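Enquirer: okay, predicted coordinates and the sequence, questions at the end:
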Amino acid sequence: MLTTVGTVMQMPMYFMARDMDYHIAGMAMTRGMWVGMVLVFIGLGLTTYSLFPRSRPARPELSNISIGPLDDAKVRPSHLALLAVLAFAVVIDGMKPASFGFVVVGAEAEYGLRGPQHPAADALPIGLYPLSGIFGTMVGSFLWGWLGDRIGRRASILLAAMLFIGSSMCGAMPEYWMNLVCCFIMGLGAGGMIPVVFSLLAETVPRRHRGWMMLLIGSNVATAYVAVSWLASTLAAPENFGWRMLWLVGLPTGAVLIVLNHWIPESPRFLLQQGRDDEARAVMRRYGAVPVERPGEVSVGTEQHRGFGDLFSRQFFGLTAGVLLLALSVGGTQYGFQQWMPSNLERLGLSTVDASSLMRNAAIMGLPFTVPVAMAYHWWSSKKTALVVSAFIGAALGAFVLLGEEITANRTLLYVFLVVPVWGIGIMNAVLAAYTAEVYPTSIRSRGSGLSAGSVKAGGVLILALAVVAFAAPSIRMTAAVGAVPMLLAVVVLALFGPETRHRRLEQITAGGAPGPVPAPARTPAAD
């Protein structure tokens with residue numbers, strides 16, 4: 001409540017500027033705004049404190065509940081409800097980083113910053129704006145990866161939603177440095193949502209439906225880009241509410257996500273690992289799984305509190321290396337090639353609306369291809385699907401490396417080659433998130449997903465940092481190369497070390513998970 005009230009107290013500043021086309025740069029902060037900011041941070045602090053469980057003695061034994069009935073359950077309305085809520089969460093989450101490519105033009109003009117429209121301006125570079133947000137998402141992915149294994153998947157999602165509400169005040173900040181701070185905070189929540197969502201989904205849904213469900217959820221990243229490009233060309237257009245509206249929508253969407261958190265359960269595997277067997281039984285029954293009292297597969301012990309070092313143990317080193325390379329390439333493409341494409345198109349003569357519309361159309365044209373990729377991941381092979389999609393994206397990026405800005409001279413050719421990376425990087429985000437959530441054991445699954453998601457953002461931080469140092473938007477050829485090179489390397493490494501996950505139980509994929517022997521999963525009548 002404190003966070004929401006404090007955020008609402010920032011809104012009068014924005015509406016006071018409606019006669020100035022919602023330009024509030026340089027306006028003095030009111031007392032109400034300062035009080036509101038204090039309330040926001042107090043609210044976030046109290047929420048974080050309340051979500052941390054009290055420490056308890058570690059239990060080194062296995063839970064006596066088999067996870068088999070949950071893996072072999074039939075799809076129920078409760079599964080579909082969870083799918084719908086998490087799909088909404090991913091769209092809301094994906095809208096945050098996707099907005100950077102559309103706000104830089106308006107922010108550059110309002111604050112008089114150095115950027116594509118004012119390359120010789122004697123001012124701070126606009127590149128600091130997206131850099132602060134993307135750096136926040138990188139830190140948030142690592143932090144929430146740890147939080148997901150520490151306080152639980154459900155609590156971590158709730159905390160991210162609270163940050164969405166509080167950081168929406170970014171749209172009402174009159175000073176550039178205030179925008180940088182607020183966008184970093186927004187990035188913390190946005191970076192943390194994806195790895196936790198996929199960990200929860202992988203650990204809850206039936207194994208024979210896990211593939212298509214996770215790909216369906218992950219593909220909503222592309223939907224988020226469509227939503228942001230639509231907002232940028234309508235509500236957030238200069239003649240309407242301006243670029244700040246892309247941040248202000250975080251208030252209502254975050255509030256809706258908190259309400260929907262009621263329909264998000266805690267992961268049964270996480271509960272079993274914590275020794276909370278009664279709660280795990282209740283969640284399993286909710287999803288049509290009758291708990292079986294027999295030696296379980298989820299260990300309960302001190303390994304759940306280890307750090308990120310387990311991801312680089314001998315057992316997982318090759319796999320983690322492939323995941324990191326692929327994540328860096330996805331980040332370089334998403335936050336480099338895709339992020340700066342609107343600005344590059346405008347620099348080449350297109351209007352703001354035309355550039356936004358072109359990117360939106362490319363994303364929409366690629367949406368139908370999401371279905372066959374999801375089907376291939378589910379029915380054919382998770383590993384081979386990841387390799388094939390990576391190869392296609394790498395080939396399209398290679399075309400931009402060879403042709404550079406000359407490709408924009410032919411609108412049809414531009415659409416053909418633009419659809420693959422713009423749509424493909426969204427589905428590749430989904431494939432990577434789904435695959436990573438399957439290949440690591442329960443005790444470090446959230447951290448593994450966090451490492452993957454954080455490395456995606458690290459690719460973005462790298463190319464944005466280069467843009468800040470160069471005081472200019474990176475070229476089409478440069479951004480395409482940053483994505484293509486590590487992607488080709490990732491294909492080779494994952495082909496060697498990546499396991500197949502299709503229709504397999506999570507405990508079987510890693511032969512017991514974290515280092516150390518774990519008994520083989522018990523079979524159930526449904527599995528037989």
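Expert: Yep, that arrived. Numbering: from 1, shown residues only.
Enquirer: distance of the most centrally placed residue in the chain relative to residue 274?
Expert: By Cα atoms, centre = their mean, the chain has its centre lying nearest to residue 194, at 3.9 Å. Residue 194 sits 23 Å away from residue 274, going by Cβ to Cβ, to the nearest Å. The way it works is simple: take the backbone N, C-alpha and C, and place the C-beta from them, glycine included.
Enquirer: packing partners for the host helix or strand of residue 3?
Expert: Following DSSP states H and E, one finds residue 3 within helix 2-8. Counting contacts by 3 or more Cβ pairs under 8 Å, 6 or more residues apart in numbering; DSSP states H and E, helix 2-8 packs against helix 31-51, helix 153-167, helix 250-260.
Enquirer: relative to helix 250-260, how tilted is the second one?
Expert: Our comparison of helix 153-167 with helix 250-260, counting by axes from the mean of the first three to the mean of the last three Cα atoms, to 10 degrees, yields an angle of 160 degrees.
Enquirer: and helix 153-167, what does it pack onto?
Expert: helix 2-8, helix 31-51, helix 77-98, helix 128-150, helix 176-204, helix 250-260.
Enquirer: what mean pLDDT does it have?
Expert: Summarised as a single mean, pLDDT over helix 153-167 is 87.
Enquirer: dump the C-alpha coordinates for that helix into PDB.
Expert: The C-alpha atoms that make up helix 153-167 are tabulated as PDB, following Å, rounded to 0.1, in the frame of the first residue of the first chain:
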ATOM      1  CA  ARG A 153       9.400 -18.600  -6.600                       C
ATOM      2  CA  ARG A 154       6.100 -17.100  -5.700                       C
ATOM      3  CA  ALA A 155       7.500 -14.600  -3.200                       C
ATOM      4  CA  SER A 156      10.100 -13.400  -5.700                       C
ATOM      5  CA  ILE A 157       7.400 -12.800  -8.300                       C
ATOM      6  CA  LEU A 158       5.400 -10.700  -5.800                       C
ATOM      7  CA  LEU A 159       8.500  -8.600  -5.000                       C
ATOM      8  CA  ALA A 160       9.200  -8.000  -8.700                       C
ATOM      9  CA  ALA A 161       5.600  -6.700  -9.100                       C
ATOM     10  CA  MET A 162       6.100  -4.300  -6.300                       C
ATOM     11  CA  LEU A 163       9.200  -2.900  -8.000                       C
ATOM     12  CA  PHE A 164       7.100  -2.400 -11.200                       C
ATOM     13  CA  ILE A 165       4.700  -0.200  -9.300                       C
ATOM     14  CA  GLY A 166       7.400   1.800  -7.500                       C
ATOM     15  CA  SER A 167       9.600   2.300 -10.500                       C
END
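Enquirer: please compute how far it lies from its chain's middle.
Expert: Relative to the centre of its chain, helix 153-167 is centred 13 Å away, using Cα atoms, centre = their mean, to the nearest Å.
Enquirer: next one: stretch 34-50
Expert: Distance of stretch 34-50 from the chain centroid (Cα atoms, centre = their mean) equals 24 Å.
Enquirer: and for that stretch, what's in contact with it?
Expert: 1-10, 158-159, 162-163, 166, 169 (Cβ atoms under 8 Å, 6 or more residues apart in numbering).
Enquirer: again with stretch 481-491
Expert: 322, 325-326, 328-330, 332-333, 336-337, 387, 390-391, 393-394, 397-398, 401, 421, 425, 459, 462-463, 474.
Enquirer: can you select the buried ones from the residues you listed in ChimeraX?
Expert: Here is the ChimeraX selection string for the buried members of the contacts of stretch 481-491, based on 16 or more other Cβ atoms under 10 Å:
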select :322,325,326,328,329,330,332,333,336,337,387,390,393,394,397,398,401,421,425,459,462,463,474
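Enquirer: for residue 312, which non-adjacent residue is closest in space?
Expert: Leaving aside its sequence neighbours, residue 312 sits nearest to residue 320 (Cβ to Cβ, 6 or more residues apart in numbering; 5.8 Å).
Enquirer: tell me how far residue 126 lies from residue 177.
Expert: Taking Cβ to Cβ, one finds residue 126 at 13 Å from residue 177.
Enquirer: ok, residue 102 next?
Expert: 21 Å.
Enquirer: before we move on, what about residue 4?
Expert: Separation of residue 4 from residue 177 (Cβ to Cβ): 25 Å.
Enquirer: between the two, which is the more surrounded one?
Expert: residue 4 (19 against 11; other Cβ atoms under 10 Å).
Enquirer: my guess is the more buried one contacts residue 161, does it?
Expert: No - contact criterion Cβ atoms under 8 Å: residue 4 and residue 161 do not qualify, at 11.0 Å.
Enquirer: quick check: residue 27 is in a helix.
Expert: No - under DSSP: H, G, I helix; E, B strand; the rest coil, residue 27 falls outside any helix and is assigned coil.
Enquirer: could you find the closest non-adjacent residue to it?
Expert: Distances taken as Cβ to Cβ, 6+ apart put residue 174 closest to residue 27, at 4.4 Å, once the chain neighbours are dropped.
Enquirer: and residue 182, by the same measure?
Expert: Here the residue nearest residue 182, using Cβ to Cβ, 6+ apart, is residue 170, at 3.5 Å.
Enquirer: rewinding a little: name the surrounding residues that touch the helix holding residue 3.
Expert: Residues contacting helix 2-8 (Cβ under 8 Å, 6+ apart): 35-44, 46-47, 162, 165-166, 168-169, 251, 255.
Enquirer: now these: which count as buried?
Expert: Applying 16+ other Cβ under 10 Å to the contacts of helix 2-8, the neighbour count classes 36-37, 39-40, 43-44, 47, 162, 165-166, 168-169, 251, 255 as buried.
Enquirer: okay, now the unreliable bits of the stretch 351-500 of the chain?
Expert: Applying pLDDT under 70 to the stretch 351-500 of the chain flags residues 351-352, 404, 407-409, 411, 464, 467-474.
Enquirer: and the strands in this structure, which stretches?
Expert: Taking DSSP state E as the test, the strands found in the chain are 65-66, 292-293.
Enquirer: which of those strands is buried the deepest?
Expert: strand 65-66 (a mean of 24; mean count of other Cβ atoms under 10 Å).
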